[in-house]
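Q: quick one: sequence and predicted model below, then my questions.
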Amino acid sequence: KTRKLMYTLQFDYPPASMNCEFILSQPLPAGVYISTDELQELERLKKLSAVYPKFVDIEIITENAKPFNVLLRGAPKITETLVLPIHFRYHAASDKRSFNTVSIGLPELFINCPLLELEQHKSDQLYCLNESQSSFEEKQTSLEANGECNWQHIDLDIQLLKPLRAEIPVGNAKAYPFILYATILLSWAMSIWTVLRTQSVPKRLNQQLNEQRNLKSN
């Protein structure tokens with residue numbers, strides 16, 4: 001089932017006419033994944049502009065996955081609303097708990113506004129956008145050639161309507177042997193039924209042909 005992270009951003013200064021750009025960096029834990037096909041479709045419909053990993057394995061369980069970031073891009077307005085569809089992964093079976101809590105970290109805001117002095121939020125530290133890693137890195141000489149390095153980190157006053165966490169059901173590890181043996185037995189039964197069914201079809205066809213021959217001879 002798709003869940004949605006909804007953001008409403010309110011800027012208390014008017015950078016909309018100053019050729020500015022913002023990026024909301026949303027960290028996602030290993031227990032959460034995105035559908036790249038879904039995000040690409042939203043981008044095609046111009047409902048989203050984002051930077052994210054090109055490949056996300058949606059089949060692996062939480063324990064084998066790694067956290068990553070999704071960067072949501074936009075142009076500052078007085079009020080801006082963004083929506084990010086997410087999905088929760090399955091967890092490895094356990095005999096100690098039936099639910100696992102997945103918590104999502106708070107987003108960070110970066111802004112690139114070369115024609116506007118953001119004195120109220122200004123930081124001496126600049127950041128470089130690394131699109132290949134969907135992340136920001138502190139500006140260094142070796143990084144300046146890798147992309148835009150004029151991004152400032154902006155302090156956010158975040159107000160959550162709901163906690164960014166979910167309780168995900170966990171399978172019972174003690175039930176694994178029973179499920180395994182039941183699956184094997186069911187597979188054998190289906191295989192035997194398929195073989196018997198396949199053998200019965202030619203016999204029935206031969207019987208019908210013989211009956212037709214007998215009718216013609218009579």
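A: Now that the structure is in, tell me what you want to look at.
Q: show me how the chain divides into domains.
A: The record's domain parsing of the chain by the TED database lists 3-169, 174-217.
Q: so can I have TSV of these showing mean pLDDT and mean neighbour count?
A: (Glycine included, C-beta is placed from N, CA and C.) Output for the domains of the chain, formatted as TSV (pLDDT from 0 to 100; neighbours: other CB atoms under 10 Å):
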stretch	mean pLDDT	mean neighbour count
domain 3-169	86	15
domain 174-217	68	10
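Q: what distance do you get for the residue positioned nearest the centre of the chain to Thr79?
A: Nearest to the geometric centre of the chain sits Ile34, at 1.3 Å (CA atoms, centre = their mean). Look at Ile34 and Thr79: by CB to CB, to the nearest Å, they are 25 Å apart.
Q: repeat for Leu106
A: Noted for Leu106: a distance of 20 Å to Thr79, by CB to CB.
Q: gap between stretch 91-107 and the chain center?
A: Offset of stretch 91-107 from its chain centre (CA atoms, centre = their mean, to the nearest Å): 16 Å.
Q: restrict that stretch to CA atoms and write it as PDB.
A: In PDB, the C-alpha atoms belonging to stretch 91-107 read as follows (Å, rounded to 0.1, in the frame of the first residue of the first chain):
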ATOM      1  CA  HIS A  91      10.900  -7.500   7.700                       C
ATOM      2  CA  ALA A  92      12.600 -10.800   8.400                       C
ATOM      3  CA  ALA A  93      10.500 -13.200  10.500                       C
ATOM      4  CA  SER A  94      11.100 -13.100  14.200                       C
ATOM      5  CA  ASP A  95      10.000 -15.200  17.200                       C
ATOM      6  CA  LYS A  96      10.500 -12.200  19.600                       C
ATOM      7  CA  ARG A  97       8.200  -9.500  18.200                       C
ATOM      8  CA  SER A  98       5.100  -9.300  16.000                       C
ATOM      9  CA  PHE A  99       5.600  -5.600  14.900                       C
ATOM     10  CA  ASN A 100       8.500  -3.400  14.100                       C
ATOM     11  CA  THR A 101       8.600   0.400  14.300                       C
ATOM     12  CA  VAL A 102       9.900   2.200  11.300                       C
ATOM     13  CA  SER A 103      10.800   5.800  11.900                       C
ATOM     14  CA  ILE A 104      11.400   8.400   9.200                       C
ATOM     15  CA  GLY A 105      13.800  11.200   9.800                       C
ATOM     16  CA  LEU A 106      13.000  14.900   9.500                       C
ATOM     17  CA  PRO A 107      13.800  16.600   6.200                       C
END
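Q: so the residue nearest to the centre of the chain sits against Arg89, correct?
A: No. In this structure, Ile34 is not within contact of Arg89 by CB atoms under 8 Å, at 11.2 Å.
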